[in-house]
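Asks: give the three-dimensional model of this entry:
(2 chains)
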Amino acid sequence: MAWAALRPVVKACIGGSLIGITISDRYFSVAAVHGGSMRPTFDGTTDGREYAVVKRSPLYDYSRGEVVVFVSPADHRSRTIKRLIGLPGDWVSVPEKEEIRKIPDGHCWVEGDNGSASWDSRSYGPVPLGLVQGRVTHVVWPPSKMGHVDKRVPPEGRVMPQRNL
Amino acid sequence: MSRFVRRFAGIPWRQIAGEAFSVGLLTAQGLCAVHVVSEHVLGVAFPRGPSMLPALNMAGDVLLTDKVSPRRGWVGPGDVVLLLSPEDPRKIVAKRVLGMEGDEVTYPVDAGNSDATKTVVVPQGHIWVQGDNIYSSNDSRQFGPVPYGLVKGKMSYRIWPPSRIGAIDSKE
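Replies: All right, here's what the predicted structure looks like:
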């Protein structure tokens, strides 16, 4: 008796979650942002969570200056949001270490917008592109910050591009 | 003319649209179910290339890959895993895990030409992967330890060819 009443509900839930998971895997999803490493793009304050739309990119056709989400190279359970600075083959200068590094094949260079409070490629080096899950295109919450996330090309001289993308 | 209009109006459009919608929804759900199962539960892999000989053939093997273990952290030394190549994210490669984070790994620097070995400590969140066929494999010996996040599946069971059906053994 109870099953007869519950059946359509259960069916709708299963069907809905299948479609939902597929869309979030292949097309886009929404991610919460914490931490101050991306200020001013994301505030990362503790009182209000921020949410952003992450667009999947199965072809890994990222370009410099985009904000991307990737699995942290040090812990596969956490995801990180940073700005993509350099692509494979580029030379990147690291002012903190006073060196110039070449980004190896299949890797990228990521940095937070708030350079002083960001743990990024400057400390752990280039990140494999395979860890990148998608690009952050829009902020959806809080309403005051709602809008498109702009591309920001790194300052002149930081990156010597080897490929035009 | 009016007869045509009457016939046109007589077609049960609403019912047709409703049926088309439910068939479409069912198809979409079916495709989504295939995606969810193959990405999150159990996938099928067709590994090719000499790097995992003799555990995996050059070509023609069909394997079931367990997609749950990597996410739960159940991948350990000895397991054969599928991972996104750190050198090209569009490529997926099969290798054997030889060390987890914090492990010390000793590997031949130039297999076949010299006996020189090198010992490294695998950094946090990384694993050390190598092909079984050390003479013909592009692996951690060239590109170093890889982040665990690149592991997409664990090779668990061979379903083809029939003569070699069975679990893929995990050797320490």
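Asks: verify the contact between A:Phe28 and A:Gly134 for me.
Replies: Yes. The pair A:Phe28 / A:Gly134 is scored as a contact, 7.5 Å apart, by Cβ atoms under 8 Å. C-beta: built from backbone N, CA, C; applies to glycine.
Asks: which residue of those two possesses the greater neighbour count?
Replies: When neighbours are counted by other Cβ atoms under 10 Å in any protein chain shown, A:Phe28 and A:Gly134 differ, and A:Gly134 comes out ahead with 23 against 15.
Asks: in the sheet, who's paired with that one?
Replies: A:Arg56, A:Val69 (DSSP bridges).
Asks: enumerate every residue touching B:Trp128.
Replies: B:Val97, B:Leu98, B:Gly99, B:Met100, B:Asp103, B:Val105, B:Tyr107, B:Val120, B:Val122, B:Ser140, B:Pro145 (Cβ atoms under 8 Å, 6 or more residues apart in numbering or on different chains).
Asks: give me the neighbour count for A:Val153.
Replies: For A:Val153, the neighbour count with other Cβ under 10 Å is 14.
Asks: related to what we said a few turns ago, any common contacting residues for A:Phe28 and A:Gly134?
Replies: By Cβ under 8 Å, 6+ apart, the residues touching both A:Phe28 and A:Gly134 are A:Val54, A:Lys55, A:Arg56.
Asks: what are the ranges of the helices in chain B?
Replies: B:2-10, B:13-40, B:68-72, B:140-143 (DSSP state H).
Asks: chain A contacts on chain B?
Replies: B:25, B:28-29, B:31-33, B:35-36, B:39-40, B:73, B:83-90, B:123-126, B:143, B:146-151 (Cβ under 8 Å from any Cβ of the partner chain).
Asks: whichever of those end up buried, select them in PyMOL.
Replies: If you want just the buried ones from the residues of chain B next to chain A in PyMOL, going by 16 or more other Cβ atoms under 10 Å in any protein chain shown, the selection is:
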select buried, chain B and resi 29+32+33+35+36+39+83+84+85+86+87+88+89+125+126+143+146+147+148+149+150+151
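Asks: so B:Val151 bridges to which residues?
Replies: B:Leu83.
Asks: I'd say it and B:Asp79 touch.
Replies: No. Taking contacts as Cβ under 8 Å, B:Val151 lies outside contact range of B:Asp79: 9.2 Å.
Asks: quick one: contacts for the residue most central in space within chain A?
Replies: Centroid check for chain A by Cα atoms, centre = their mean gives A:Val69 as the closest residue, at 1.6 Å. A:Val69 makes contact with A:Ala31, A:Val54, A:Arg79, A:Thr80, A:Ile81, A:Val132, A:Gln133, A:Gly134, A:Arg135, A:Val136, according to Cβ under 8 Å, 6+ apart.
Asks: list just the nearest of those residues to chain B.
Replies: A:Val132 (7.5 Å; Cβ to the nearest Cβ).
Asks: in space, what's closest to the closest one - neighbours in sequence excluded?
Replies: A:Phe70 (4.4 Å; Cβ to Cβ, 6 or more residues apart in numbering or on different chains).
Asks: for the one you found, what are its contacts?
Replies: Listed by Cβ under 8 Å, 6+ apart, the contact set of A:Phe70 reads A:Arg79, A:Thr80, A:Lys82, A:Val110, A:Val127, A:Leu131, A:Val132, A:Gln133, B:Gly149.
Asks: can you flag which of those belong to strands?
Replies: A:Arg79, A:Thr80, A:Lys82, A:Val110, A:Val127, A:Val132, A:Gln133 (DSSP state E).
Asks: would you turn those residues into CSV with neighbour count and pLDDT?
Replies: Formatted as CSV, the ones in strands among the contacts of A:Phe70 follow (neighbours: other Cβ atoms under 10 Å in any protein chain shown; pLDDT from 0 to 100):
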residue, neighbour count, pLDDT
A:Arg79, 18, 91
A:Thr80, 22, 91
A:Lys82, 24, 93
A:Val110, 25, 93
A:Val127, 26, 94
A:Val132, 21, 95
A:Gln133, 18, 93
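Asks: and the strands in chain A?
Replies: Under the criterion DSSP E, chain A contains strands at A:28-33, A:50-56, A:67-71, A:79-86, A:91-94, A:99-102, A:107-111, A:127-128, A:132-141, A:147-148, A:159-160.
Asks: so which of those is nearest B:Pro54?
Replies: In terms of Cβ to Cβ, the element of those nearest to B:Pro54 is strand A:127-128, at 28.5 Å.
Asks: what's that closest one in contact with?
Replies: Contacts for strand A:127-128 (Cβ under 8 Å, 6+ apart): A:70, A:73, A:106-110, A:121, B:84, B:86, B:89, B:146-147, B:150.
Asks: quick one: find the helix or strand in chain B with the lowest mean pLDDT.
Replies: In chain B, the helix or strand scored least confidently by mean pLDDT, DSSP states H and E is helix B:2-10, which has a mean of 85.
Asks: burial measure for residue 34, as a count.
Replies: Defaulting to chain A. Other residues near A:His34 come to 14 when the count uses other Cβ under 10 Å.
Asks: please go with chain B instead
Replies: 12.
Asks: quick one: it from A:Cys13, how far?
Replies: 19 Å (Cβ to Cβ, to the nearest Å).
Asks: angle of the strand ranked longest in chain B against strand A:132-141?
Replies: Ranked by residue count under DSSP E, the longest strand found in chain B is strand B:88-99. Taking axes from the mean of the first three to the mean of the last three Cα atoms, to 10 degrees, one finds strand B:88-99 and strand A:132-141 inclined to each other by 110 degrees.
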